[in-house]
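1. Sequence below, structure please.
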Amino acid sequence: MVKRLGISMGDAAGIGSEIILKIMEEYRDDVVVYGSYDVMDHYNEVFAYGYKLKRISDPEDAVMGMVNIIDKSGLKYGDFEVGKVSPICGRNAFLYLEAAIVDAMDKKIRAIVTCPLNKEALRSAGYDYDGHTEILSTLTGTKKYGMLLWSEKLKTIHVSTHVSLAEAIRRVKKERIVEVGLLADEVLRNAGYQDPRIAVAGLNPHAGENGLFGEKEIKEILPAIKELRKKGVNACGPIPPDTVFLKCYKGEYDLVVAMYHDQGHIPLKLMDFDGGVNITCGLPIIRTSVDHGTAFDIAGKNVARPDSLIRAIKVADMISGFPKEKS
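-> Predicted coordinates for the structure are as follows:
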């Protein structure tokens, strides 16, 4: 029997439970939800989905035709305010993810797809992590990892993510660029790319203009590209960041190595906000995620779109080779 995929609900005060319910007509026989049974039950009733929910303790106990939920916390809908930062929601979002990681490491589920958590709520609950990626790397004991954003229109991996811009500049180092370049090449090859074309963005305007606007390109980025080529990666650059994403979008490259969070996130969200997927590379398990936040402003209103969640499920299956086994 093919193992199910696990979906963690994320922050209960956000839209995670709503977008999960919106995909259950198609996916309930293929997934297990890690989240609050009571919150899922509330929205199932309020929005008149009419699904049958089942509380289970192990993915192998899932029942066909039901929305199967593993609830490690017992959080109730009335324990928090929808659309507001809450320590209790931060704590429970961590517990849902932790339970999914344990089952993925034990190979009880084939992959994890995460719905958004709130970093402020997470910190207020006492968890000193910047987000999902850092939790996953810590709980799986992973030292080398990266955040890769995937859409049909554009793909990018980041040298650094949730740090200040000043710190991001300090982290532009040859070793890290080589590391994320290798991770990106591996993910693309697993997804079926024969010889992935990887463009490496510059950090400074015009990629430094031969040192006129900065020397990171000369001292760190170019040496990293040369090292990647030695290791068999089809990498090129550094390419000015104001043109490299457009070139990738038009098909000249398959992926861009971005030097920091906003350099990669802004073009991808502009081009394909609803279809973007977040992949954590380098883990011993497969994890993808929606590429949007908790959307507190629309939580509880049943207007959130599940496009990114659907795409995250499809990408998780694609990089795991699941569609081939399924067909």
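
2. Do me a favour and average the pLDDT over stretch 168-178.
-> Mean per-residue pLDDT for stretch 168-178: 97.

3. What residues of that stretch count as buried?
-> 168-169, 171-174, 176-178 (16 or more other CB atoms under 10 Å). (Each C-beta comes from the backbone N, C-alpha and C, glycine too.)

4. Show the end-to-end separation of it, please.
-> From its first residue to its last, stretch 168-178 covers 16 Å (CA to CA, to the nearest Å).

5. Give me the distance between it and the centre of its chain.
-> 21 Å (CA atoms, centre = their mean, to the nearest Å).

6. Need the contact partners of that stretch.
-> Contacts of stretch 168-178 with the rest of the structure, by CB atoms under 8 Å, 6 or more residues apart in numbering, involve 159-160, 163, 200, 203, 216, 220-221, 223-225, 227-228, 231, 257, 259-261.

7. so where is the chain shaky, pLDDT-wise?
-> For the chain, residues meeting the criterion pLDDT under 70 lie at 1, 322-327.

8. Show me the longest helix that occurs in it.
-> The longest helix of the chain (DSSP state H) is helix 87-105.

9. Which elements pack onto that helix?
-> strand 5-8, strand 31-34, strand 112-114, helix 119-124, helix 132-140 (3 or more CB pairs under 8 Å, 6 or more residues apart in numbering; DSSP states H and E).

10. again, only using 6 Å
-> For helix 87-105, the elements it packs on are strand 5-8, strand 31-34, helix 119-124, judged by 3 or more CB pairs under 6 Å, 6 or more residues apart in numbering; DSSP states H and E.

11. Among the ones you listed, show me which one is buried the most.
-> Of the helices and strands packed on helix 87-105, the one with the most neighbours on average (mean count of other CB atoms under 10 Å) is strand 5-8, at a mean of 28.

12. Pretty sure Lys216 sits against Leu203.
-> Yes: here Lys216 reaches Leu203: they are 4.6 Å apart, a contact under CB atoms under 6 Å.

13. Span of stretch 2-9 from start to end?
-> 22 Å.

14. Helix, strand, or coil at Ala217?
-> One thing to correct before we go on: residue 217 is Glu, not Ala. Of the three states, Glu217 takes helix according to DSSP: H, G, I helix; E, B strand; the rest coil.

15. my guess is it meets Ala201, correct?
-> No: here Glu217 does not reach Ala201: they are 9.8 Å apart, not a contact under CB under 6 Å.

16. The most centrally placed residue in the chain sits in which helix or strand?
-> Closest residue to the average C-alpha location of the chain: Asn278 at 2.7 Å, with CA atoms, centre = their mean. Taking DSSP states H and E as the criterion, Asn278 maps to strand 277-281.

17. helices or strands next to that strand in the packing?
-> strand 146-150, strand 287-290, helix 307-320.

18. chain center to the first one, what's the gap?
-> Distance of strand 146-150 from the chain centroid (CA atoms, centre = their mean) equals 7 Å.

19. From what I see, Lys3 and Lys107 are in contact.
-> No: with contact defined as CB under 6 Å, Lys3 and Lys107 do not form a contacting pair (7.1 Å).

20. Which of those two has more residues huddled nearby?
-> A direct count of neighbours by other CB atoms under 10 Å for Lys3 and Lys107 places Lys3 higher, at 18 against 9.

21. Dihedrals phi and psi, the closest residue to the more buried one other than its chain neighbours?
-> If the residues on either side of it in the chain are set aside, Lys3 comes closest to Arg110, at 4.4 Å by CB to CB, 6 or more residues apart in numbering. In this entry, Arg110 is assigned phi and psi values of phi -90, psi -20 (degrees, to the nearest 10).

22. Please identify the helix or strand for the closest residue to Ala299 other than its chain neighbours.
-> In this structure, Ala299 finds its nearest non-sequential neighbour in Gly83, 4.5 Å apart by CB to CB, 6+ apart. Using DSSP H and E, Gly83 sits within no helix or strand.

23. For Gly83, grab phi and psi.
-> Per degrees, to the nearest 10, the backbone of Gly83 is at phi 80, psi 10.

24. Would you check that it makes contact with Ile298?
-> No: counting by CB under 6 Å, Gly83 stays clear of Ile298, with 8.2 Å between them.

25. Okay, domains of this protein per the record?
-> Annotated domains of the chain cover 1-142+283-327, 147-274 [automatic domain parsing].

26. Would you mind measuring the gap between the ends of the last one?
-> So that's domain 147-274. 18 Å.

27. now the helices: where do they sit in the stretch 101-250 of the chain?
-> Assigned by DSSP state H, counting those that start in this stretch, the stretch 101-250 of the chain shows helices spanning 119-124, 132-140, 165-170, 174-190, 216, 222-230, 241-249.

28. Next SSE downstream of the last one?
-> Meaning helix 241-249. strand 255-258.

29. next SSE after that next one?
-> With DSSP H and E, the next secondary element past strand 255-258 is helix 261-272.

30. Would you mind getting the angle between that following helix and helix 307-320?
-> Using axes from the mean of the first three to the mean of the last three CA atoms, to 10 degrees, the inter-axis angle of helix 261-272 relative to helix 307-320 is 110 degrees.
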